[in-house]
Structures are given as structure tokens and as C-alpha cells.
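# all I have is the shape, not the residue letters:
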Ligand code: SF4
């Protein structure tokens, strides 16, 4: 059996971002690997693990050169919790003085739980109501259970996090969208974002379409906004 790598497999780096960690300037490190196969994935080249684009020493050197300029480091993917070196990587960037965040779809709730004490912020994708619609989007049976368990761990831990849902008319009806929002609000989610699907680099070409102007209905957005102390439509 091939030896597991002892540093994260980095498939990409955005050196400077104002949109990946709320209110902070961040570098975004993209890790390889994801157990799910969503048809609308914008980073399909990161779904499998293979030859990394950067080695971890290069990343640490880069971060040292940005001390005092950047506030935060965000681990994205792929699914960053798929990388068993993530915890050590998060600890390293914290030791350097950066805030640490992740973008996750919640595929590994136990790993997320272990990470939470070291994370300052989490962006969690909730893709659908917690039923078979979820599994149709990820194409993995029972994936909704892991997403729900991850959300429950975030709520129990009480740290800073945002939940986000990508809107796609072929995958989510407006009834689905309202059902997701109502469930999240009733569970105690405070920060919720609906994101418009962007038709670019989408692995399933049949999903590549511009959102119709009538989707989602404006009244639905008002209804959802009223459910959360903080709501974003982007
Ligand atoms: S969970 Fe995220 S990274 Fe994984 S396939 Fe779906 S969209 Fe892509």
C-alpha cells in the first residue's frame, strides 16, 4: 500500500482574497480530494488526490512572506477535511499568527469536530434538504447524514460559521430552498447565504445554464431573509 503523505496535498493557492473569510484578508489553500461528486462542482480537478501543485514547504515560505499583510488562511478544496494532514496544517498557520478558516461540505463530521477547537471560522455547504435530494446532488448515498452531523457539531461547538446553499433550478425547487432555510433557522443557524450557481467549469455540462431571472422568486428571498439575523444573497 502506498505510504500516506505526511503533509497536505495542495492543488492550488489564491494568495489574496477578500471574499473567502468574512471581513478578513485571506490566502486560500486548495487541498486535493473529495468523497462526493456533485455535478456542479467548479473544482473537479481537485476531487481526486494526485500530484500536488505546491509542496507544503513552499506554502509555509509563502505565508511567512505575508506575515503582517494577511489576516487569515482558509483551507478549501475539494473537501479539505478529506486530507488527514489538515489538522496539523491548521495548527501550523495558527502558530504563525493567522486566523484559520475552512470551506467544507461536511463530509467528515468526526474530523470536523477535532478541527473545530483550532478554527476561527467555518463556511459549511448545505446543499439540499436532508433527504434523498441531497444524495442526488452529491451522487453519494446517505451523504445528507454526514452533512447534518457536521452542522450539529458546529452548532454544539458554538463558534463562528456560515451556512451556504448553491441555487440551481434543476437541482433545487423553490419548495426545497424554503425547506432548507426553515430547517436551518429552526436548528439555530444565524448566518445563512444563498449563492447563485455560476455556469463555469461545471463538470456536468447539462447543468451549465444561466439562472432564469424568475428563480428564485423575490418573495421567497424576503421570506428567507426574515428567518435569519444575517442573510446574504450573492
Ligand atoms: S462537495 Fe464540493 S468539492 Fe466535493 S464534489 Fe461537491 S462541490 Fe465539488
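Perfect, thanks for sending it. Just so it is clear, the structure is predicted and the values come from calculations on it, not from any experiment.

# hang on, residue 26 packs against residue 75?
No. The criterion here is C-beta atoms under 8 Å, and residue 26 misses it with residue 75 at 10.3 Å. To be clear about C-beta, it is placed using only N, CA and C from the backbone, and glycine gets the same treatment.

# what's the overlap in contacts for these two?
residue 101 (C-beta atoms under 8 Å, 6 or more residues apart in numbering).

# and the protein, which residues reach the ligand?
By the rule C-beta under 6 Å from any ligand atom, the part of the chain lying against the ligand is 34, 36-38, 41, 43, 47, 77-79, 105.

# PyMOL command for the buried members of the residues you listed?
The following PyMOL line selects those of the residues of the chain next to the ligand that are buried, judged by 16 or more other C-beta atoms under 10 Å:
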select buried, resi 34+36+38+41+43+47+77+78+79+105
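
# show me the two of the residues of the chain next to the ligand that sit farthest apart.
Based on C-beta to C-beta, the longest span within the residues of the chain next to the ligand runs between 37 and 77 and measures 13.2 Å.

# so where's this structure uncertain?
For the chain, applying pLDDT under 70 flags the ranges 1-2.

# how about the helices in it?
56-65, 86-95, 109-115, 132-138, 143-157, 174-187, 218-225 (DSSP state H).

# which residues does the first one contact?
So the one you mean is helix 56-65. Outside helix 56-65, the residues touching it (C-beta under 8 Å, 6+ apart) are 7-8, 10, 13, 15, 27, 29, 70, 73, 85, 89, 92-93, 96, 98.

# go on, the third one?
Contact partners of helix 109-115, identified using C-beta under 8 Å, 6+ apart, comprise 81, 86-87, 90, 102, 104, 106, 122, 146, 149-150, 152-154, 157.

# same check, this time on the last one
Residues lying outside helix 218-225 but in contact with it, judged by C-beta under 8 Å, 6+ apart, are 174, 177-178, 181, 192, 194, 231, 233.

# among the residues you listed, who's most crowded?
Within these, neighbour counts (other C-beta atoms under 10 Å) peak at residue 181, which reaches 25 neighbours.

# tell me how many other residues crowd the closest residue to it other than its chain neighbours.
Leaving aside its chain neighbours, residue 181 sits nearest to residue 224 (4.4 Å; criterion: C-beta to C-beta, 6 or more residues apart in numbering). Neighbours of residue 224 under the rule other C-beta under 10 Å: 22.

# try residue 135
Residues within reach of residue 135, counting by other C-beta under 10 Å, total 18.

# ok, it - contacts?
Contacts of residue 135 by C-beta under 8 Å, 6+ apart are 141-144.

# now the buried members of those.
Neighbour counting with 16+ other C-beta under 10 Å marks 143-144 as buried within those.

# out of the contacts of helix 56-65, which are buried?
Looking at the contacts of helix 56-65 with 16+ other C-beta under 10 Å, the buried ones turn out to be 7-8, 10, 27, 29, 70, 73, 85, 89, 92-93, 98.

# who's in contact with residue 132?
Per C-beta under 8 Å, 6+ apart, neighbours of residue 132: residue 144.

# quick check: it vs residue 139, distance?
According to C-beta to C-beta, to the nearest Å, residue 132 stands 12 Å off from residue 139.

# can you pick the most crowded of the contacts of helix 109-115?
Ranked by neighbour count (other C-beta under 10 Å), the contacts of helix 109-115 have residue 104 at the top, with 29 neighbours.
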